[in-house]
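**Q** mind folding the following:
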Amino acid sequence: MPDPVKAAHYIQALCAARAEGNWEAVPEFVRKIRKHAPDRACLALTAEVEHSISTAAKQPGIASRPSTALTAKDLDVSNQLPKLLEVIENEAQFLEDKFQAQVCVGWLHWTVGEYSLAGVRLPSRLDLEQIQFDPTHKASEWTNVCALKAAYLKADCLVVGKQREEALRIFEAALPTLSAVPFGKATGKQLRYCSELFLTEFCMLQSQALRANERSLEDPNSLACFRSWADYWDAFGGSLGGHGFRGSVPRRRVWNEYFTALSTILELDLPYPTGHPKSIPAEESSARAHLRTELAKVETAYEALLLNETKFPRADEEREEVENFVKLTMRNWSLLCGRGWREDHLGPDGRQGISRRVLDVLYRAATKTYHSTTILRCLFLVHLSVAEFGLAFKAFDSYLDLVKHGKARVDKTGHLEGALDDDATVLETISQCILALCRYGGRDAAEKARDLGGELEDMMARLPQLKAGVSDGTTLPEIEETTSPLHPEVPPSTVALSWQAIGLSHAHWSRVTYDAVARTEIQGKAIRCLRKALTPELGRTRDVRSLFALGLLLAERRELSSAIELVKSALISNKSADGTGTPNHYHGPFWQQRSLISLWHLLALLLSARQDFSMAARACEGAFEQFKDPTVLFGTTTHPLFRSDHLNELEAADEKSQERRRGLVDDMDDAERESLLEIQVSQLMLVELLEGPEVAVNASDELLSLFSRLFGDVQASPNKSSALGAPAPPQAPKSSAGTFRSIKGSIFGGRSAKSHDTAKPSAGAGPGMNTTLESEKASVSTRPQTTQTTASIAPTIQVTGENGHAVQRRPSRRLSSARRARSESGKRNSLLKRDQSTGRRRAPSAGSYPPPATMADGEGFFAPGPHDAAQQRGDHGTTPSKRQPAASSFSRGQTLSHSNSVASQGSRSTVSSYPEITSDATYTITSPLPIIQFGAEHERKQRVALLIRVWLVVAGFYRRAEMFEDCRGAIAEAQKLVQGLEATEREAETISASSQSPGWAEKKSIDELWGDVWAELGYLSLAKGAPFDARSEFEAALTRFPDHPSAIVGLSNILLDLYSEKLLPLPTMPDLATVEDNFVCVSLQSSGSIPRITTPSQGLPSTPIGLGINPATTNSDPAAAAPAAVVTLVARNGGTKGPQADDDKTLPAAYKATSLPLIDRLAARDRANGLLSGLTKLGSSWDYPEAWFTLARAHEESGLLERAKEVLWWCVELEEGRGVREWRCLGHGGYVL
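**A** Now for the predicted structure:
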């Protein structure tokens, strides 16, 4: 007797049993349904056939067969199939039963291998829609299982027929069914099984189509299957490992395909696919932020499965999948942390956070590999990117050691090791390490880079496909057509990069080496290697890094014509390449223009060295004009200081408004911003040179404004509140009245603001300057402060014409300003030279000019190879804007010739000797080094150091404009910043290490910054006519930094003035006028009570012991008994060594002394000589003309006229090729961009 209640119960139980795969219980439920629900015959027969298929598939005999389908006899298809077709045809009431029966028929055909019939029998999506969208009925769980099974079976039949595109359409049509299923813990086993089967096949099929270019990732739904896969596992709390079903691919393989697809979108910069938006995080705003978040999620899931299922290998095993994952992760990292992605696209932690996450990935991957060179190489790069230089170079050392042993093993055994990097990768990695050492390291790093450069050169010479070139290094090694399997062919671009790295290692070593004689040879090697890197055969003729380094080397060797032609050709050839400013995925917008900023600056300094100052100024402007519009660089940022908070908040919330306000400088790193600031400084130097220091003072507010726009508000310390307080944004120094002036007001005003009263102390120094500077000055020198002294005057060089007479120059309208600048700064001791527009050029000649000596004081010094004799330069801040024509700066009979000089035997560089730079050559600007993400504290420190330099530059403008009070105020601002840095380092307990020598990526230590401040104060005192104050300040600078160039030059000039008695000692007794002005009534003792001091009958000696006249020989021959130094000094002063001189032997009373004792004067001269001799041997000052000029004076004062003449000729040669600024202001103090 049918019972409807029992019928419903058994129908529900049957559905649950099938959903859970409990096929043993199905026959009993089928019997009960036939008894209590005879109208559900279709459901009963379908369940019975499904039971027979599942049971037959699990039989041991069938399971042991190969992967062929069950036979028709096993399933009794001849009896079951007609019955199913009949019940399907008769079923009209229960649509779900009919749909399940249709799927069962198709499953039956597919199981026995009848794929064409299975494709025809399986239901279409329309049948499913009639069930799903019935508002009065909800599909059962088993119906959803049948829907997914039908789609999978139909697609598989199409794949067997090689109809992959049609199969993908079937999957896409059934994807909404899967999305509508509410997955959870209560989901049945069969539904989970069929869902995973469906998604696995769909994802793998989509991946195959993408690889075959049958489908594109630009399709908005290209990632729908992978996102559904991720959502499926999210519903169950995370992905499981292993295989989903028998014969399927591992689950991590699907995650790998997902990860690969997202990485391809990132690499090709394709539009972000928006299909299946359920997986897109709602909190992200931009498409790039969506892509970055999804990529991180998939990478984490795949990594967890990969590392969990991978065991640590034996020594002879490889883990190729782990290394492939690392390579793909590194490729994504290089793109995300490149210049094409902005910081706001990378999440709250930015590049730093992404790099830290990649480091964790690399270290976890290292636990599943054995001596992987790939992972060590990646660790080197990522550690370098987060400014962990110590760990980076340790990883590189381990990498290089493994590579050397591995390559030796391969060459010995003849068996290629797959886990070992190929030759091209090894060469590129070594080149990257050399560039990093040269760019961010000091002398020790430069020495290591030189050693690596030698190893790199030897490695290239041993490669089978590279034949050794000519021994002189002028030819490029040829590449063989056939290469060994053990040593695959190295791409020409890698060869060019290797030669570039070798050249840069030599160039940097030439700057820091103490071997002055070898410096010329080292520079010649660097030039030859850079030429090789620019050869057309290697396709890198327009490589900006090589062009810049080569041009800078030529400039330092004073080969100005060759350097100018090289830089001009590089700039002209790069104008036509991608000049529209279209954003590049790897380098960002205006990537070529940004890379040429340093080349424009180099061209400006080269032109200034040729005294073409107007074109030099135009070159500085060209660096900015190449961006077409100033808003491109600096955006449309408005100053919201005078707007309400409400308007500021509304504008900040407007994303489009923020994009309009952004400029390129907001996306630049600090190195690029510093390049822009250096160009602005050079522009102001040219303004000072052409228009005078007063005009430069008026324009110096642009420098401070540019710093504020580039670097913002530089805080003293992010988490520190000291008594000094946080340094405010750059402001004008205090005036003498103690109040701040307007930037465009009197602080940058005209000559009316000059301070001519040198006797009064600065009132605008501030409390910090009055306490710290004065206290340190008192600790260095015990001489009292006075103004009754004479400023030191540097010796001048007499310029003669062809007839041997002195060449007279007409005074210019700013001659007094030039002389004033020359006397008040060591940097203004430059030789006056001719204006290019009026002076005649000197033709190269092999005349009788004395060659530059390479020996001084018995030791060699640097004298480079030949240079263009027609080159001219501009004076560093002293050349007037208009000059009258002069016959010649030097005698034509003595043209500078180095044909007989030992130091000039290197190759002569000419324009024709350099590779031709063609406009159609491959433009290569890809940086081999990642962007370095310094910590907040390091970044702040470097910005503060840069601001200190800016304040000192401004102070120099004030000083040369004779605005002494404002100059001291600018120095006070710099001093406050140095104090803040020192206090911060002291709190961090690193003051002992960081203050003495700069660390990684630091230009100057704290002691060097103190030296700059004290040196500028010394020159200020010289300008005010207080040389003894200047001496104390120079001593303070050398106490902080013993090798400070300008402080040594300034102090040496004062010491030589003391020796030559141009600078007299301070009076110990005040004069009568001072006594009368400060008269105080005192009671004087009687003369009888004053004790009498008795002196020997022969008087007190005026010379020190051992240097005076021997009493035994006084009566015989006093002149012969006198020391040579005394005779020289007396003879030079026009005195005689006779009886009248003997009367001066007595030492006068202190208040009657009018000169220093001879021993003090000799000590002053010898100290100056020692300081200058040591300075000129340093790599930082070998081309410092002021130091050589003062050294020549020291030789002259010592009576060494031949040495003085040799040094003066070398000084002349240096001045001939000197720009308006030092060459070290380019390239962040080095050769690497």
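
**Q** tell me what the host helix or strand of Val665 is packed against?
**A** Following DSSP states H and E, the helix or strand that holds Val665 is helix 664-667. Contacts defined by 3 or more CB pairs under 8 Å, 6 or more residues apart in numbering; DSSP states H and E place helix 664-667 against helix 630-634, helix 670-691. Every C-beta, even on glycine, is put in place using the N, C-alpha and C of the backbone.

**Q** least confident of those, on average?
**A** Ranked by mean pLDDT, the helices and strands packed on helix 664-667 end with helix 630-634 at the bottom, a mean of 86.

**Q** still on that earlier bit, highest mean neighbour count out of the helices and strands packed on helix 664-667?
**A** helix 670-691 (a mean of 22; mean count of other CB atoms under 10 Å).

**Q** what's the following helix or strand after that helix?
**A** Next in sequence after helix 670-691, counting helices and strands by DSSP H and E, comes helix 693-711.

**Q** next, the angle helix 670-691 makes with that next one.
**A** Orientation check (axes from the mean of the first three to the mean of the last three CA atoms, to 10 degrees): helix 693-711 against helix 670-691 gives 170 degrees.

**Q** who does helix 693-711 touch, helix- and strand-wise?
**A** Helix 693-711 is packed against helix 670-691, helix 936-960, with contacts defined by 3+ CB pairs under 8 Å, 6+ apart.

**Q** can I get the ones you listed in JSON lines with distance to Thr429?
**A** What follows is the helices and strands packed on helix 693-711, written out as JSON lines (distance: least, CB to CB, whole Å):
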{"stretch": "helix 670-691", "distance to Thr429": "22"}
{"stretch": "helix 936-960", "distance to Thr429": "25"}
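
**Q** between those helices, which one is closest to Ile527.
**A** Closest approach to Ile527 among the helices and strands packed on helix 693-711 (CB to CB): helix 670-691, 23.5 Å.

**Q** okay, the angle between that closest one and helix 936-960?
**A** Here helix 670-691 points in a direction 0 degrees away from that of helix 936-960 (the same axes, to 10 degrees).

**Q** Leu306 against Val322, yeah?
**A** Yes: in this structure, Leu306 is within contact of Val322 by CB atoms under 8 Å, at 6.6 Å.

**Q** what sits up against stretch 40-55?
**A** Applying CB atoms under 8 Å, 6 or more residues apart in numbering, the contact partners of stretch 40-55 are 7, 11, 14, 18, 21, 23, 26-27, 29-30, 33-34, 70, 75-76, 80, 83-84, 87-88, 90-91, 94, 97-98, 100-101, 104, 107-108, 111.

**Q** take those and keep only those in helices.
**A** Among the contacts of stretch 40-55, the members falling in helices are 7, 11, 14, 18, 26-27, 29-30, 33-34, 75, 80, 83-84, 87-88, 90, 97-98, 100-101, 104, 107-108, 111 (criterion: DSSP state H).

**Q** return the members of those residues classed as buried.
**A** 7, 11, 14, 18, 26, 29-30, 33-34, 75, 80, 84, 87-88, 97-98, 100-101, 104, 107-108, 111 (16 or more other CB atoms under 10 Å).

**Q** number of nearby residues for the nearest residue to Asn1169 once chain neighbours are set aside?
**A** Ranked by CB to CB, 6 or more residues apart in numbering and with sequence neighbours excluded, the top spatial neighbour of Asn1169 is Ala1194, at 4.4 Å. Residues near Ala1194, counting by other CB atoms under 10 Å, number 27.

**Q** equivalent analysis for Leu346, please.
**A** 18.

**Q** tell me where the stretch 251-400 of the chain has helices.
**A** Assigned by DSSP state H, counting those that start in this stretch, the helices in the stretch 251-400 of the chain fall at 251-268, 287-308, 320-336, 350-366, 373-385, 389-413.

**Q** most tightly packed of those helices?
**A** helix 373-385 (a mean of 24).

**Q** about what we covered before: now the helices and strands packed on helix 664-667 as JSON lines including distance to Ser997?
**A** Output for those, formatted as JSON lines (distance: least, CB to CB, whole Å):
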{"stretch": "helix 630-634", "distance to Ser997": "35"}
{"stretch": "helix 670-691", "distance to Ser997": "21"}
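
**Q** which stretch among the ones you listed comes nearest Ser334?
**A** Closest to Ser334 of those is helix 670-691 (CB to CB; 18.2 Å).

**Q** tell me what the closest one is packed against?
**A** Counting by 3+ CB pairs under 8 Å, 6+ apart, helix 670-691 packs on helix 597-609, helix 613-625, helix 664-667, helix 693-711, helix 936-960.

**Q** what is the orientation angle of it with helix 613-625?
**A** Using the same axes, to 10 degrees: helix 670-691 against helix 613-625 is 150 degrees.

**Q** go ahead and confirm Ser372 touches Tyr363.
**A** No: Ser372 lies out of contact with Tyr363 (CB under 8 Å); the separation is 11.7 Å.

**Q** Pro4 touches Ile33, doesn't it?
**A** No: between Pro4 and Ile33 there is no contact under CB under 8 Å: 11.9 Å.

**Q** quick one: contacts of the helix holding Val665?
**A** Taking CB under 8 Å, 6+ apart as the rule, helix 664-667 contacts 339, 342-343, 588-590, 594, 627, 632-635, 672-673, 676, 709-710.

**Q** ok, stretch 308-320 next?
**A** 241-242, 250, 252, 321-322, 367-370, 372, 418-419.

**Q** list the buried residues for it?
**A** In terms of neighbour count (16+ other CB under 10 Å), stretch 308-320 has its buried residues at 310, 313, 319.
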